[in-house]
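# Sequence first, predicted coordinates after that:
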Amino acid sequence: MKSAAVAVLIAGLAGPALAKPDAAAHAEALEILTKGIAFRTVMGHQDQTVAYAEYLKGVLVKAGIDAADIRITPSDGTAYMTARYRGRDARKKPIVVLGHMDVVEARREDWTRDPFTPVVENGYVFGRGAVDNKFDVSMAVATLARLKREGWTPGRDVILALSGDEETAMATTQKLAAELKGAEMALNSDGGGGLLDEAGQAVVYGLQAGEKTYADFTLTVTDPGGHSSRPGKTNAIDTVAQALVKVGAYQFPVMRSELTDAYFRASAPKTGGATGEAMKRYVANPDDKDAVAVLAADPEYVGQLRTTCVSTLVSGGHAVNALPQRATANINCRIFPGTPSESVRQELVRVIGDPSITVERVVGDGAIDSPASPLRPDVMAAVKKAVNARYPGLTIVPSMSAGATDSMHFRAAGVPSYGVAGLFMKSSDDFSHGLNERAPVAAIDGSLAHWESLLKDLAK
């Protein structure tokens, strides 16, 4: 259950408004974003990722950060970067500002505009990475540069840590997490953020404090096969099909945590209809099976209740006139934080109940078991102050993501990590990973103020 202190912080009054960044700060942040988009930092283009890192390094060095405190490391076909902003007390654990430089591949022939030629048009910045994740990376870099020029000295070191393969293997993320495992916390620019309605009014701010573990499991059946005119008692494809039906019908037990309790508690008053009522009943009594059934029937909320596993790929047979010698299927699971992936594999074995089927975890996807981060009162207060300076009284909803970010490796290394992006946008403007990705120019000023507020409050 969420502590009383955190509940008070969420329900408390908004902090004082921050001064709006000036035109020069806006222009600098926009320039960092647009120049960053021009680097084609997709996996396998190490030269472009290194060049992007060198560009960001130049911005920080020009602002006064010692070049010796900035390290760019080519690695695994990409690169990663750390930049240390020195604080007053080196004995204090540093705070990490986390982000990723890599972007999802994009093909020119599919886009209206060249995805790696930034265009500012009709109030948007267009280009691959305009949102994911170069927007908040640019805002964080611009904020650190401006604070350095203004002479701000944090109480502890602030370390900007940018990975190079968050969208793929997360090998550089693992290296960063190992290097920085002694940090006080990580503020992830690639999680959380605010939602605007279609009229541009703020609806809610989500603070990401956990994410489900991504895991693929391969089901495999082998059989001697033979001529299709002589079917026997076993058939590899049929055996896999029967297993998939069992998995599809199975529901993992309902689970809850401080994070999911806080999520439903904050979401219930904002959610109408039967779903909102179910949330209220669930908050009052987590054992209310009818309330759970209503929430589980909604794809938006089922992932907040339990581990989920679904069939995503099937392959079998080798000829149309032969009995299959082999059949495989992929089960994709999103595992509730704190649950070992091996225990989920064992549960799948139990549910399938057929010793002729092997169930193996797919390795190399970059995922790792990680717990949720505690809803620390200092973090909740800092986020509430930063958000309410822009949107007084706006609800802060702690959230557990069904997707994966760099945070998982920091949490696994013992570093509490929080998705605290400064970007507010409409859901209709979100084209991350898709065609014609864009970010609203109007979001820049508020995002700069957001990062300044967080850093000054948490890096004391």
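Structure's in. What do you need?

# after the lowest-mean-pLDDT helix or strand in the chain, next one along is what?
When each helix and strand of the chain is scored by mean pLDDT, DSSP states H and E, helix 4-11 comes last, with a mean of 33. Under the assignment DSSP states H and E, the closest C-terminal helix or strand after helix 4-11 is helix 23-37.

# what's the offset of that following helix from the middle of its chain?
24 Å (Cα atoms, centre = their mean, to the nearest Å).

# And the average pLDDT for that helix is what?
Throughout helix 23-37, pLDDT has a mean value of 97.

# how about it: buried residues?
Ala25, His26, Glu28, Ala29, Leu30, Ile32, Leu33, Thr34, Lys35, Gly36, Ile37 (16 or more other Cβ atoms under 10 Å). For glycine as for every other residue, the C-beta is placed from the backbone atoms N, C-alpha and C.

# Helices of the stretch 51-200 of the chain, start to end?
Along the stretch 51-200 of the chain, counting by DSSP state H, counting those that start in this stretch, helices occupy 134-149, 171-179.

# Burial-wise, tell me which of those helices comes out on top.
Stretch with highest mean neighbour count among the helices of the stretch 51-200 of the chain: helix 134-149 (a mean of 25; mean count of other Cβ atoms under 10 Å).

# With distance to Glu258 added, can I get the buried residues of helix 23-37 in JSON lines?
Converted to JSON lines, the buried residues of helix 23-37 look like this (distance: Cβ to Cβ, whole Å):
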{"residue": "Ala25", "distance to Glu258": "37"}
{"residue": "His26", "distance to Glu258": "38"}
{"residue": "Glu28", "distance to Glu258": "39"}
{"residue": "Ala29", "distance to Glu258": "35"}
{"residue": "Leu30", "distance to Glu258": "38"}
{"residue": "Ile32", "distance to Glu258": "36"}
{"residue": "Leu33", "distance to Glu258": "35"}
{"residue": "Thr34", "distance to Glu258": "40"}
{"residue": "Lys35", "distance to Glu258": "41"}
{"residue": "Gly36", "distance to Glu258": "36"}
{"residue": "Ile37", "distance to Glu258": "38"}
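
# quick one: which of those residues is nearest to Met139?
Distance to Met139, by Cβ to Cβ, is smallest for Ala29 among the buried residues of helix 23-37, at 5.9 Å.

# gap between that closest one and Met255?
Using Cβ to Cβ, to the nearest Å, we find Ala29 at a distance of 40 Å from Met255.

# go on, Thr172?
Taken as Cβ to Cβ, the span from Thr172 to Met255 is 31 Å.

# Kindly report the same for Gly127.
40 Å.

# Tell me which of those two has more neighbours.
Regarding Gly127 and Met255, a neighbour count based on other Cβ atoms under 10 Å identifies Gly127 as having more, with 28 against 16.

# Check what pLDDT the more buried one gets.
At Gly127, pLDDT is 97.

# Verify the stated contact: it with Phe116.
Yes: the criterion here is Cβ atoms under 8 Å, and Gly127 meets it with Phe116 at 6.6 Å.

# any common contacting residues for the two?
Ile37, Ala38 (Cβ atoms under 8 Å, 6 or more residues apart in numbering).

# in the chain, which ranges drop under the pLDDT threshold?
1-21 (pLDDT under 70).

# center of it, which residue is that?
Thr405 (3.6 Å; Cα atoms, centre = their mean).

# just checking, it touches Ser189?
No: contact status for Thr405 versus Ser189: not in contact, 9.7 Å apart, counting by Cβ under 8 Å.

# Give the bridge partners for the residue nearest to Phe424 when sequence neighbours are not counted, please.
Of all residues not flanking Phe424 in the chain, Gly194 sits nearest, at 3.5 Å (Cβ to Cβ, 6 or more residues apart in numbering). Legend: beta-bridge partners of Gly194 under DSSP bridges are Tyr205, Phe424.

# which element is the nearest residue to Ala130 once chain neighbours are set aside on?
Spatially, and ignoring its direct neighbours in sequence, Ala130 is nearest to Ala439 (4.2 Å; Cβ to Cβ, 6+ apart). Here Ala439, judged by DSSP H and E, is contained in strand 438-440.

# What helices and strands are in contact with that strand?
strand 124-126 (3 or more Cβ pairs under 8 Å, 6 or more residues apart in numbering; DSSP states H and E).

# The strand it packs on: partners in the sheet, and parallel or antiparallel?
Applying DSSP bridges, strand 124-126 is found paired with strand 119-121 (antiparallel), strand 438-440 (antiparallel).

# Same list (those) but as a markdown table, adding distance to Gly64 and mean neighbour count.
Converted to a markdown table, those look like this (distance: least, Cβ to Cβ, whole Å; neighbours: other Cβ atoms under 10 Å):
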| stretch | distance to Gly64 | mean neighbour count |
| --- | --- | --- |
| strand 119-121 | 28 | 14 |
| strand 438-440 | 28 | 23 |
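
# which stretch among those comes nearest Leu56?
Among those, strand 438-440 comes nearest to Leu56, with 17.4 Å by Cβ to Cβ.

# I'd like to know which elements the helix or strand following that closest one is packed against.
Next along the chain after strand 438-440, taking DSSP H and E as the criterion, comes helix 444-458. With contacts taken as 3+ Cβ pairs under 8 Å, 6+ apart, helix 444-458 sits against helix 23-37, strand 95-100, helix 134-149, strand 185-188, helix 377-390.

# tilt between helix 444-458 and helix 377-390?
150 degrees (axes from the mean of the first three to the mean of the last three Cα atoms, to 10 degrees).

# list the buried ones in helix 444-458?
So for helix 444-458, counting by 16+ other Cβ under 10 Å, buried means 444-458.

# Distance-wise, check Lys233 relative to Leu454.
Counting by Cβ to Cβ - Lys233 and Leu454 are separated by 64 Å.
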